[in-house]
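> predicted model follows, preceded by the sequence.
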Number of protein chains: 2
Amino acid sequence: MASSIHDLARHLNISIGTVSRALNGRADVNADTRKRVLEAARTLNYSPNQSGRSLRQGATHSIAFMLQPHPGDQQYGEPFFIPFLIGLQARLAESGLDLIVVMGAPGDYQQERLRRVVETRRADAVLLAWTRREDERIDYLTQVGFPFATLGRSRSGAKSYPSLDLDFEKAGADAVDRLVARGHRRIAAIRPSLDLNFGYLFLAGYRKALRRHGIEVDPELIASGFINEAGGYEVTPRVMRSKDPPTAIIFNNDAMALGGCKALAEMGIRPGHDMAVTVIVDTPLCRYFSPALTAFRPALEPMGQRLAEMLLASIPAFAGPEGPRIMREVWPLELVARDSD
Amino acid sequence: MASSIHDLARHLNISIGTVSRALNGRADVNADTRKRVLEAARTLNYSPNQSGRSLRQGATHSIAFMLQPHPGDQQYGEPFFIPFLIGLQARLAESGLDLIVVMGAPGDYQQERLRRVVETRRADAVLLAWTRREDERIDYLTQVGFPFATLGRSRSGAKSYPSLDLDFEKAGADAVDRLVARGHRRIAAIRPSLDLNFGYLFLAGYRKALRRHGIEVDPELIASGFINEAGGYEVTPRVMRSKDPPTAIIFNNDAMALGGCKALAEMGIRPGHDMAVTVIVDTPLCRYFSPALTAFRPALEPMGQRLAEMLLASIPAFAGPEGPRIMREVWPLELVARDSD
DNA sequence: CGTTTTTCCGTAAACGTTTACGAGAACACA
DNA sequence: TGTGTTCTCGTAAACGTTTACGGAAAAACG
C-alpha cells in the first residue's frame, strides 16, 4: 500500500534521484519527465515518507506546543486555548507542519518534557504558553539554541525570540478607567500568585490607572491566589475584610472570578448589584455566568495564526527569503460589557 | 549539541551495533559494557534521534488525534476535550508516544487530513472523535488497514477496532426516568441534526424510557438542529409550538442547551421554574450557567487514559505479549443534579 | 585436551529520502 | 570542426537508527 520513491522510479524506468528532483520542483529536470513523474505519483498514490525526509533534512516538519493545564484544577479545562490552537493549527497546516501537543500533569512545570522534545529532535520548534516573569524554559531554549516562540512575554532570554502577547497592562488600566467613570474609588485587584507574567502586567496597568485618577493604591485591595476557582474563592474574602471594603473587583482570570463570585454570594453580595465585577480574559464561561461577566476579550484564533507565522519565520529551514523577522507583538483586548459591573 | 550513537561508539571505542544493543536492553551484551554505554549516554547527553528510529522501525511513536471543532461555532471551544486529552496524553507519554493533534476547519469533515496523516505515515495510529452513524473515516481506515480507535461508536467498519463510548442510551433513559418521577409527562428531546452517533443513542434511550412509563412518544417534542448555541436557539421554539407544549426538555449537548435557554428566556420561560431542563453531557458551562444545569457527567480524564491503553494494545508494534485486545467499552454518565429541573 | 556450547561483539545492510557531483548529450558559437 | 555552455540525468553518499548474520573468544563438558 505504501509506495515509495523507488516504486515510482522503477515504474518509470528512471533513477530515484530524478524522481525526487521532479517531485521537489527542482529546475534541472526535463519538463516532460516531470509531468510523467507527477502523473505516476498520482496513480501510484505516492506520498513521501515523513521519517525519511525528516532524517535526511534534519527537520521534522512539526512544532510542539507545550500546553500546561491549570495547576490544581482538572475539571476546568482551558477553554482559552482551543480557539488559539485552531488558528495555530490552520496556519501550520498551510505550511505542511504538524502540531504536537505536549501536556504535563497539572502543576508540573514540564521542564523535563521540554528537554525530551528538544533532545530527541521531535519537533523543529516549540511554542511556550503561560510564560513566567523569569522563565527557565526560555533560558534553556535560548541556551541550547532551539527555535521557539512564546504566547506571552517574559523577562528571560535574550529577547531575540518571537513572542505574541495580550496587552494586559492596558486592559488593567481600561478596567480601572471604566470603573472609576462609573463612580468607583475602592477597586480591588485579584491575580494569580505564581509569577505568571500577565499577572504583573495586569497589576502594573491597574496601579498606573489608579494613580492617574489620583486614587491611592491600597495594598489591602490587592490579593493573589491559585489560578483556579479555588484560588478565587479563597482569596476574595481577604480583600473584603479591608476596613474600607471595595465596591468593585477586577479579576485577572475567569476561573478566579468564578470562585470569587461564589465567595461573594456566600457573603450575600451580588455581583452586578452590590459589587462591580470585571474579568480580564474573557471565555465562554464569563458569558454564561449569571450575571454575565463584563470581560476583556482576546482575538484568540487570529492570534494563533499570527504566532504560527512568527514562529515559522524564525525557523531557518522554513523562513522564507523575505526580510527581518517579526519579533514581538502585543495585541489589544476588547471590552465586552455585560451585566456584572 | 546533538550526540548520536556514533559519538558514543567512538567515545567508548566500540561499534555502534553494540551501543544500540546496549541501549535497547538486548540480552547479547556484556553487563559491564552495558553499564559503560549507559554511563556514557548520560554524560554525553545522548538521546535517540526519533527520525532515525522511525525510519528504521517503520513506527513514528506518535498517534494522531483528529479533533474537529463544532461546525459553525468558533467562539465556543470544546471544553469537553481538554480533560480527555490530558488523560490521553498522560498515558501515551508513559509509553513514549507523542500526541499529534490534527484539527480541521470547523465543519470540514477532514477526510483529506486523515488521508494525509495515513499516507505520509505521520502517526502509528489515529484516534477519531465525533463518530457518526455511518462514518466514512472508519470505512477508510479499516479498508487501508491503518490502526485506529474511536471515541464513540459507529455502525461503520468491521467492528474490529477499539472504541470507547459513553452510555448515552442509558443517560437518555435516566433523564426521562428522573423527570417522570418528578411529575413530568410532556418531555421534549433536542439533539444534533448531523448523524452523530450519540444523538441516535440518546434518542433511543429517551424513546425506550417513555414507552416503559406508558407515555406516548410525540414527534412534535423531538427536534434536531446544529450542534451549537445557534442550533439550540433556533430549534427550541419549535417544540414549544406543540399543541400540548412540554414541561421539560432534555438537551443532548451543552451548547444547544445554552442556546435553548436563551430562546426560552425570550419567551418568558424560566428554566428551573417554568421548565425543567436537563443536559446530557456536562461541561463547566452547565455548572456556571444560571440556573445551574442538571447534567450527566462523563469521567473524561480516565476515559482518555483508557482509550490510550486500548489504542496501544491495537498497534502491533506496541502491543504487549498479553492476551486479547480490548475492543469496546461503554462508560456510564453520572447524574449531577443542579437547579434547572 | 578436543569438542561443543555460550557469550559477546563487529560488520553491513536496510529504512526512504535529498543532494553534491559528475558525465553524457545536445546545442550554440566562432 | 573545435570549443564552450546548457540541459538533463544517474550515481552514490548521507541522515541515525536497528538488526540479521557470522565469527572470535571464552566457557562448559566429556
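Received it, and whenever you're ready, just let me know what you need.

> what is the burial count for the closest residue to residue A:4 other than its chain neighbours?
Leaving aside its chain neighbours, residue A:4 sits nearest to residue A:49 (6.7 Å; criterion: C-beta to C-beta, 6 or more residues apart in numbering or on different chains). For glycine as for every other residue, the C-beta is placed from the backbone atoms N, C-alpha and C. Neighbour count of residue A:49, defined by other C-beta atoms under 10 Å in any protein chain shown: 21.

> got the confidence number for residue A:49?
What the model reports for residue A:49 is a pLDDT of 94.

> ok, now residue A:313?
So residue A:313 comes in at 86 (pLDDT).

> in three-state terms, label it for me.
Here residue A:313 is recorded as helix under DSSP: H, G, I helix; E, B strand; the rest coil.

> the one 3 residues further on too?
Applying three-state DSSP to residue A:316 yields a three-state assignment of coil.

> OK, contacts around it?
Counting by C-beta atoms under 8 Å, 6 or more residues apart in numbering or on different chains, residue A:316 touches residue A:147.

> over to residue A:222?
A:188-191, A:203, A:239.

> quick check: the farthest pair among the residues you listed?
A:203 and A:239 (13.6 Å; C-beta to C-beta).

> okay, now residue A:243: neighbour count?
Per other C-beta under 10 Å, the neighbour tally for residue A:243 reads 6.

> gap between it and residue A:276?
20 Å (C-beta to C-beta, to the nearest Å).

> any regions of chain A where pLDDT drops low?
Low-confidence segments of chain A (pLDDT under 70): A:1, A:69-79, A:105-109, A:319-326.

> tell me which residue in it sits closest to chain B.
Ranked by C-beta to the nearest C-beta, the top residue of chain A for proximity to chain B is residue A:290, at 2.6 Å.

> is it true that that residue touches residue B:287?
No - applying C-beta atoms under 8 Å as the test, residue A:290 and residue B:287 come out as separate, 11.6 Å apart.

> with neighbour numbers in mind, choose between these two.
residue B:287 (21 against 15).

> look up phi and psi at the more buried one.
In terms of degrees, to the nearest 10, the main-chain angles of residue B:287 are phi -70, psi -40.

> contacts only, for it.
Contact analysis of residue B:287 by C-beta under 8 Å, 6+ apart lists B:293, B:336, B:338.

> same question, residue A:289
Per C-beta under 8 Å, 6+ apart, neighbours of residue A:289: A:258, A:261, A:340, B:288-290.

> ok, now with 10 Å
A:254, A:257-258, A:261, A:271, A:277, A:279, A:283, A:295, A:338-340, B:285, B:287-290 (C-beta atoms under 10 Å, 6 or more residues apart in numbering or on different chains).

> tell me, how many residues neighbour the residue of the stretch 151-300 of chain A found nearest DNA strand D?
Closest to DNA strand D within the stretch 151-300 of chain A is residue A:161: 24.4 Å, counting by C-beta to the nearest atom of the strand. Using other C-beta under 10 Å, residue A:161 has 24 neighbouring residues.

> now do the one 3 residues further on
Residue A:164 has 23 neighbours, counted by other C-beta under 10 Å.

> so in terms of bridging, what pairs with it?
residue A:151, residue A:329 (DSSP bridges).

> look up how far DNA strand C lies from it.
30 Å (C-beta to the nearest atom of the strand, to the nearest Å).

> now residue A:286
The value you get for residue A:286 to DNA strand C, if C-beta to the nearest atom of the strand is used, is 47 Å.

> before we move on, back to that, which one is the residue of chain A closest to chain B nearest to, not counting chain neighbours?
Using C-beta to C-beta, 6+ apart and skipping the chain neighbours, the partner closest in space to residue A:290 is residue B:290 (2.6 Å).

> do I have it right that the one you found meets residue A:272?
No - taking contacts as C-beta atoms under 10 Å, residue B:290 lies outside contact range of residue A:272: 11.4 Å.

> show me what contacts the residue of the stretch 51-200 of chain A found nearest DNA strand D?
Among the residues of the stretch 51-200 of chain A, residue A:56 lies nearest to DNA strand D; the distance is 3.5 Å by C-beta to the nearest atom of the strand. Residue A:56 sits next to A:20, B:51, B:55 when contact means C-beta under 10 Å, 6+ apart.
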